[in-house]
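Colleague: just to be clear, the model below is a prediction. Sequence and coordinates:
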Amino acid sequence: MHKQVALALFHLQAPVVRMARVTRRWAEFDLTRLWLKGIKLVLSFLILTILAALTGGVVKTFLDVGLLLHHPVEVALRQVIIDTLILLAVVEVFKTTLTYFSEGRVKVTFIVDTILVVMLTEVISQWFKGGNWIQLAVLGAMLLTLGAMRVLAVRCSPAQGDTAREVI
């Protein structure tokens, strides 16, 4: 009987030891590391997508110069200016994405800068298209608000410490 109990305990120890190993490995598994690798992979695809879009935009802008041959100069140059401003907005998005990729966070100033460029592009685009003055005024007010946010973000930055807060 004593031998049977010892044999039964021996057979129970093997799964318990295996379970302990699995539990230990699971405890050592770092989900944060997996998350960071996943984010880097997704951001790599996003960066490639932005680069492809930027390249396509540059090609389209170059082709829009051909409008000078068949349309009035002001129409062709307006299109080139709008295309260029949109490309600059894409460059700002690219910079923000690269910053997140390298630093793991994005500064508020980068986000506001990106939105400022996009909004400025929209204001100029609406202006060139002869847009409604009310829409232009609303977009202008948003630009002023974003500009104020940008100034406050720089002045009240935690990186500058208490000296920046004393200036205000």
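Modeller: The structure has been received and is ready for your questions. Only a predicted model underlies this, so the values are computations on that prediction, with no experimental measurement involved.
Colleague: tell me where this protein has helices.
Modeller: Counting by DSSP state H, the chain has these helices, from start to end: 2-28, 31-64, 67-70, 73-103, 108-128, 133-155, 162-167.
Colleague: for residue 132, phi and psi?
Modeller: Dihedral angles phi and psi of residue 132 (degrees, to the nearest 10) take the values phi -60, psi 140.
Colleague: residues contacting it?
Modeller: If a contact means Cβ atoms under 8 Å, 6 or more residues apart in numbering, then residue 132 has residue 126 as its contacts. Bear in mind the C-beta positions are built from the backbone N, C-alpha and C, glycine included.
Colleague: if we can go back for a sec, okay, the helices of the chain, which one's buried deepest?
Modeller: Each of these was given a mean neighbour count from mean count of other Cβ atoms under 10 Å, and the largest, a mean of 17, is that of helix 108-128.
Colleague: who's in contact with it?
Modeller: Taking contacts as Cβ under 8 Å, 6+ apart, the residues outside helix 108-128 that touch it are 78, 81-82, 85-86, 88-89, 92-93, 95-96, 99, 131-132, 135-136, 139-140, 142-143, 146-147, 149-150, 153-154, 157.
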